[in-house]
Every structure is written in structure tokens, then in C-alpha cells.
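Q: test case, fold it:
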Amino acid sequence: MKKLLVVCFAMCMLASVAAVSQDSMGNDSMKSDKAAAPINVVGKISADGTTFVGDKDGKTWTIVNPDAVKGHEGHHVVLNAHVYPDKMQVHVMSLKMAKDKSMSNM
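A: Numbering: from 1, shown residues only. Model prediction:
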């Protein structure tokens with residue numbers, strides 16, 4: 001009777017280990033949230049530093065990490081950022097001041 005109980009316990013432990021290992025392998029939900037390599041986008045940062053309006057299409061993007069643009073609120077900049085088009089968000093990696101549009105047309 002004890003042998004049967006030990007064998008049942010061992011089988012239950014083996015089955016639960018197999019189930020846990022299968023679950024951890026299939027849990028790749030974070031991959032869908034990752035954007036491709038960072039790209040450069042030109043536009044203007046909002047006065048409060050939480051959004052970015054692109055020059056090319058005029059779309060408004062939420063800045064995921066507004067601390068990265070502190071001091072550049074209201075400025076025309078070039079962002080190097082990960083872009084998440086499905087969420088209309090950008091994660092700023094770096095930025096630099098853009099050339100003034102009025103000066104480049106002369």
C-alpha cells in the first residue's frame with residue numbers, strides 16, 4: 001500500500017513539473033509589446049512634455065517616459081525613439097534640437 005502511495009505521489013510531482021515547464025515556455029506575451037529598433041522622428045514636444053506631434057503626418061504620440069524630454073517642452077526636436085504605432089506611443093532614447101524650419105527654406 002505504501003509503495004502505491006509513493007508511486008502516485010511521484011507521478012503527481014512529475015506531472016506538475018511538466019505542466020509548469022510548458023507554461024513558462026509559452027508565456028511570451030511581452031514580445032508583442034516590443035518595438036523594432038529606435039528610429040529618428042522630427043516634430044514638436046507639447047508644452048507639458050507628455051506628447052509629441054510629428055512633422056511628417058501631424059499625428060500626436062504619447063511620450064512613455066516624459067522625464068527624457070524635460071527641458072525641451074515646446075521645442076522642435078529630433079527624437080531617437082522606439083515607436084509603438086498600435087498604442088500611439090513613443091519611448092524616447094535620446095533627442096536633439098531640430099533645425100529651424102524657416103531657416104532651411106532660404
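Q: break down the chain into its strands, ranges please.
A: Using DSSP state E, the strands of the chain run over residues 39-45, 51-54, 60-63, 76-84, 89-97.
Q: and of those strands, who's closest to Met1?
A: Shortest separation from Met1 across the strands of the chain is recorded for strand 76-84, at 60.1 Å, computed as CB to CB. Using the backbone N, CA and C atoms, a C-beta is placed for each residue, glycine as well.
Q: give the pairing partners of that closest one; include direction for each.
A: Paired neighbours of strand 76-84 in the sheet (DSSP bridges): strand 39-45 (antiparallel), strand 89-97 (antiparallel).
Q: can I get those strands in a markdown table including distance to Gly71 and mean neighbour count?
A: A markdown table is the format used below for the strands paired with strand 76-84 (distance: least, CB to CB, whole Å; neighbours: other CB atoms under 10 Å):
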| stretch | distance to Gly71 | mean neighbour count |
| --- | --- | --- |
| strand 39-45 | 10 | 18 |
| strand 89-97 | 10 | 17 |
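Q: to Asn65, which of those lies closest?
A: Set against Asn65 and scored by CB to CB, the strands paired with strand 76-84 come closest in strand 89-97, at 5.8 Å.
Q: could you dump the strands paired with strand 76-84 into a markdown table and include distance to Met13 and mean pLDDT?
A: Listed next are the strands paired with strand 76-84 as a markdown table, based on distance: least, CB to CB, whole Å; pLDDT from 0 to 100:
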| stretch | distance to Met13 | mean pLDDT |
| --- | --- | --- |
| strand 39-45 | 49 | 95 |
| strand 89-97 | 43 | 95 |
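Q: output these in a markdown table, with distance to Val77 appended to each entry.
A: Output for these, formatted as a markdown table (distance: least, CB to CB, whole Å):
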| stretch | distance to Val77 |
| --- | --- |
| strand 39-45 | 6 |
| strand 89-97 | 5 |
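Q: Lys2: which of those is closest?
A: Set against Lys2 and scored by CB to CB, the strands paired with strand 76-84 come closest in strand 89-97, at 59.1 Å.
Q: find the nearest non-adjacent residue to Gly92, please.
A: One correction, residue 92 is Val, not Gly. Ala68 (4.0 Å; CB to CB, 6 or more residues apart in numbering).
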